[in-house]
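Trainee: Curious how this folds, go ahead:
(6 chains)
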There are 6 protein chains.
Amino acid sequence: MVYLTRRERFSAAHRLFKPEWNDEQNFAFYGACSNPNWHGHNYILYVTVKGNVNPETGFAVNIKDLSTIIKEKVIIKLDHKNLNIEVDFLKNEIISTENVAMKIWEQLIDPIKALGVELYKIKIDETENNSVEYFG
Amino acid sequence: MVYLTRRERFSAAHRLFKPEWNDEQNFAFYGACSNPNWHGHNYILYVTVKGNVNPETGFAVNIKDLSTIIKEKVIIKLDHKNLNIEVDFLKNEIISTENVAMKIWEQLIDPIKALGVELYKIKIDETENNSVEYFG
Amino acid sequence: MVYLTRRERFSAAHRLFKPEWNDEQNFAFYGACSNPNWHGHNYILYVTVKGNVNPETGFAVNIKDLSTIIKEKVIIKLDHKNLNIEVDFLKNEIISTENVAMKIWEQLIDPIKALGVELYKIKIDETENNSVEYFG
Amino acid sequence: MVYLTRRERFSAAHRLFKPEWNDEQNFAFYGACSNPNWHGHNYILYVTVKGNVNPETGFAVNIKDLSTIIKEKVIIKLDHKNLNIEVDFLKNEIISTENVAMKIWEQLIDPIKALGVELYKIKIDETENNSVEYFG
Amino acid sequence: MVYLTRRERFSAAHRLFKPEWNDEQNFAFYGACSNPNWHGHNYILYVTVKGNVNPETGFAVNIKDLSTIIKEKVIIKLDHKNLNIEVDFLKNEIISTENVAMKIWEQLIDPIKALGVELYKIKIDETENNSVEYFG
Amino acid sequence: MVYLTRRERFSAAHRLFKPEWNDEQNFAFYGACSNPNWHGHNYILYVTVKGNVNPETGFAVNIKDLSTIIKEKVIIKLDHKNLNIEVDFLKNEIISTENVAMKIWEQLIDPIKALGVELYKIKIDETENNSVEYFG
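Mentor: Alright, predicted model coming up:
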């Protein structure tokens, strides 16, 4: 059993806020991240899969196929987008890094299974100091 | 003569577009960067100053003072903000990295001179692949 | 269950040595790290916590609170200090990265529990080539 | 129980291909990585060991000894070499990063046990976007 | 006048050697880099151009056009290739990083001029410790 | 004419202070960097030389020779040392990064000239946010 990790990147706008709260309440809890005019990040996404190495090919999975799936299911939907209002699988979510990681997991678990390996971890770096990992 | 560089960071939303153009024209030229719903980046700012080393202190400039000025004049105005609509010194500008670098230069040249050194270079990394330098 | 990691940094002096040994014995075992005149590092500290995401806020923990606790309990005690002689929670310890990681764990486990999440891992990079992880 | 990681690097040439396939078949599966004239990488190797901290020394293992073993058993055999044709422990293997990681594990497990700690993980970064982890 | 830098990457095999010398002479001068079976690197290429900012667009050059040219003229010819034997513009050259940088300059100077800016610098990182810059 | 840069690292202790000042005066000016018990850093040193490429070898300078000189003249004197009290060429200096850069320049200018190239720049990263460049 080996673990492969593919790194991809997306640059996006977002805002942390709870619709039931007014701007003051949102600012008290979320701070500057609740700015109603948005802010943004260069997010770094690490997708880790696990599987057995096929002795015929030396691969657990062809990393080109893995990269293609991540791009099709996630990156083209998030890159240069507003995460709060433009992403089908993030509708009605608070756009915390925790929630983004869990929703990316949902997008990738079946397509990655179809490649013959198992999704093991989603890791997102929001900034160089803050990151989130989700294992399902 | 030595050159000191201070690195600071800001996370912000922006959009590349020309108000005289419609969305199609903007997309044709600026691509996904013209998304009307914004996107964003973790910008990295490098401010380089030059000056003579004071033999009494070993310093060309006290880097704490330099950092304070960069934060007061630039970072608190840009971090967790929308660069197109919330920044006094970027009003009516196309928010390209080129323009942001040149406008940051204008904010810092006099306060840095007041510290006894000379602003030499503004460098901004927009992504890990794209950066801009401006020397005035 | 998600895992959040906060990165913080501290620059400090230290020396690896065993008081019962003389300088030759210390040098034979610890090498240049036993220099009696100290040396130092830019340590990078990664604090990972785990917890369930609160659906009301999208957060497992407010990372500003986590950062505040790490700074108050650890960083202000270690940054720009001599780890061998100035840190209350490192008194009488051999200042190996292993021991520093385990003692930082002790400082953080209760305050992080009070935030509603659980301390999962302490990771310290001593140099770009050497690092230590501790899981309690 | 703590986990120590030592980072080492090697620059090497390799080719992904299956001898039973002709060049077209290899290209169809492995893409540009099957180039018969080779290509190469700056591989980064992370060796993680786990063990108890010796209260007499503050060390789980002396990281100088760990580094020496990694260099002798792995790095001098791989660095500035052709992984397909010059490395005794990679003979008759498809030179995928998966296989390289598993074979490095075999080289290190016993010598690291002799140091009094246990090999926990081999991680190899092939590029900044692709990496493999192996836990035995 | 601003300076824009685009980062691109290529992974390639190479060998440092002088055809007039035998293997012993090559090894004496070039060391392990002269390995007749090749080795390789993840090269990082930084292309810096300078130009005036067009006030109509906010751009000195559209960085998508710059990236396209670098890929067409350089990256597709070098990536996953053997630099000694597969690259038209490196034929009959000693494949030192110095020479690669100078030859990349020749490939890019005219196409970049056609974009309306001037090529200012080619920088290549061969490893994390060794790099070369060329200004024409 | 090309520019080559070699990166080397050293971990050292230091203190910023002026002997004529008492601890309060030193703290007022130098802040935590004046801690009488020292602190330390993982310094990163970049040595850039310039020279013409020898068409016979493809090299401006053999980077192994450059690295050897930097290690002999600088790194072995600074690494795992106390910069204030153990370094011959830093005696009686205020140990600011500015002064360290200028004194390293003095150590390297003649030996590098003897290699047939010219020392162009010394750059030191003291932390990831602060760096100094010196061009003589």
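Trainee: Spell out the residue ranges of the helices in chain A.
Mentor: Applying DSSP state H to chain A gives helices spanning A:23-30, A:63-70, A:76-78, A:97-114.
Trainee: got a markdown table for those helices, with mean neighbour count, mean pLDDT and distance to B:Asn84 too?
Mentor: Every residue, glycine included, has its C-beta placed from N, CA and C. Below are those laid out as a markdown table (neighbours: other C-beta atoms under 10 Å in any protein chain shown; pLDDT from 0 to 100; distance: least, C-beta to C-beta, whole Å):
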| stretch | mean neighbour count | mean pLDDT | distance to B:Asn84 |
| --- | --- | --- | --- |
| helix A:23-30 | 15 | 96 | 20 |
| helix A:63-70 | 18 | 98 | 30 |
| helix A:76-78 | 19 | 98 | 20 |
| helix A:97-114 | 19 | 98 | 24 |
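Trainee: Out of the ones you listed, which gets nearest to chain C?
Mentor: helix A:97-114 (4.8 Å; C-beta to the nearest C-beta).
Trainee: Between helix C:63-70 and the closest one, find me the angle.
Mentor: 110 degrees (axes from the mean of the first three to the mean of the last three C-alpha atoms, to 10 degrees).
Trainee: ok, helix A:97-114 near chain C or not?
Mentor: Yes. Helix A:97-114 reaches chain C (C-beta under 8 Å from any C-beta of the partner chain) through A:Glu98, A:Asn99, A:Ala101, A:Met102.
Trainee: how far out from the middle of the chain is that helix?
Mentor: 7 Å (C-alpha atoms, centre = their mean, to the nearest Å).
Trainee: And stretch A:53-68, by the same measure?
Mentor: Taking C-alpha atoms, centre = their mean, one finds the center of stretch A:53-68 at 22 Å from the center of the full chain.
Trainee: Give me the contact list for it.
Mentor: Identification of contacts with stretch A:53-68 by C-beta atoms under 8 Å, 6 or more residues apart in numbering or on different chains yields A:2, A:4, A:6, A:8, A:47, A:49-52, A:112, A:115-117, D:16, D:18, D:29, D:31, D:93-96, D:98-99, D:102, D:129-130.
Trainee: If any of those are buried, put those into a ChimeraX selection.
Mentor: In ChimeraX, a selection of the buried entries from these looks like this (16 or more other C-beta atoms under 10 Å in any protein chain shown):
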select /A:2,4,6,8,47,49,50,51,112,115,117 /D:16,29,93,94,95,96,98,99,102,130
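Trainee: Out of the contacts of stretch A:53-68, which sit inside strands?
Mentor: Within the contacts of stretch A:53-68, residues falling in strands by DSSP state E are A:Val2, A:Leu4, A:Arg6, A:Glu8, A:Val47, A:Val49, A:Lys50, A:Gly51, D:Asn130.
Trainee: of all the residues in chain A, which ones are close to chain D?
Mentor: A:1-8, A:48, A:53, A:56-60, A:62-64, A:67.
Trainee: hang on, the earlier thing: name the nearest of the ones in strands among the contacts of stretch A:53-68 relative to D:Gln107.
Mentor: Ranked by distance to D:Gln107 (C-beta to C-beta), the ones in strands among the contacts of stretch A:53-68 are led by A:Val2 at 16.4 Å.
Trainee: so how far is D:Ile94 from the residue of chain A most remote from its centre?
Mentor: No residue in chain A has its C-alpha farther from the mean C-alpha position than A:Glu56, which lies at 32.1 Å (C-alpha atoms, centre = their mean). As judged by C-beta to C-beta, to the nearest Å, A:Glu56 and D:Ile94 stand 9 Å apart.
Trainee: who touches both of those two?
Mentor: By C-beta under 8 Å, 6+ apart, the residues touching both A:Glu56 and D:Ile94 are D:Lys18.
Trainee: closest point of chain A to chain F, which residue?
Mentor: Closest point on chain A to chain F, by C-beta to the nearest C-beta, is A:Glu128, at 8.9 Å.
Trainee: For that residue, list the residues it contacts.
Mentor: A:Glu128 touches B:Arg9, B:Asn42, C:Arg7, counting by C-beta under 8 Å, 6+ apart.
Trainee: Give me the pLDDT for it.
Mentor: On the pLDDT scale, A:Glu128 is placed at 98.
Trainee: Torsion angles phi and psi at it?
Mentor: Main-chain torsions, A:Glu128, degrees, to the nearest 10: phi -70, psi -10.
Trainee: okay, now A:Tyr3: neighbour count?
Mentor: Neighbour count of A:Tyr3, defined by other C-beta atoms under 10 Å in any protein chain shown: 22.
Trainee: give the contact list for it.
Mentor: So A:Tyr3 contacts A:Thr48, A:Val49, A:Lys50, A:Tyr120, D:Val132, D:Glu133, D:Tyr134, D:Phe135 (C-beta under 8 Å, 6+ apart).
Trainee: Farthest pair within these?
Mentor: Going by C-beta to C-beta, the pair spanning the contacts of A:Tyr3 furthest: A:Val49 and D:Phe135, at 14.3 Å.
Trainee: The helices of chain A into CSV, with extra columns for distance to D:Leu83?
Mentor: Shown next, in CSV, are the helices of chain A (distance: least, C-beta to C-beta, whole Å):
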stretch, distance to D:Leu83
helix A:23-30, 50
helix A:63-70, 17
helix A:76-78, 34
helix A:97-114, 28
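Trainee: Check the gap between A:Ile124 and chain B for me.
Mentor: Distance of A:Ile124 to chain B, computed by C-beta to the nearest C-beta, to the nearest Å: 13 Å.
Trainee: Residues in a beta bridge with that residue, which ones?
Mentor: A:Leu45, A:Val132 (DSSP bridges).
Trainee: Surely it touches A:Val100?
Mentor: Yes. Using C-beta atoms under 8 Å, A:Ile124 is in contact with A:Val100, at 6.2 Å.
Trainee: quick one: common contacting residues for the two?
Mentor: The overlap between the contact sets of A:Ile124 and A:Val100 (C-beta under 8 Å, 6+ apart) consists of A:Tyr43, A:Val132.
Trainee: Contacts only, for A:Gly136.
Mentor: When contacts are counted by C-beta under 8 Å, 6+ apart, A:Gly136 touches A:Trp105, A:Ile109, A:Leu119.
Trainee: and A:Gly40, how far is that from chain E?
Mentor: According to C-beta to the nearest C-beta, A:Gly40 and chain E sit 18 Å apart.
Trainee: just A:Cys33 next, same as before
Mentor: 27 Å.
Trainee: so what's A:His39 bridging to?
Mentor: Listed by DSSP bridges, the beta-bridge partners for A:His39 are A:His14.
Trainee: Test my guess that it contacts B:Leu83.
Mentor: No. Here A:His39 does not reach B:Leu83: they are 9.3 Å apart, not a contact under C-beta under 8 Å.
Trainee: any shared contact partners between the two?
Mentor: B:Ala12, B:Ala13.
Trainee: unless I'm mixing things up, A:Tyr46 is touching A:Arg6, no?
Mentor: Yes. Contact criterion C-beta under 8 Å: A:Tyr46 and A:Arg6 qualify, at 7.4 Å.
Trainee: just the residues of helix A:97-114 next to chain C now: which is nearest F:Ile75?
Mentor: Nearest to F:Ile75 among the residues of helix A:97-114 next to chain C is A:Ala101, at 41.9 Å by C-beta to C-beta.
Trainee: Many thanks, have a good one.
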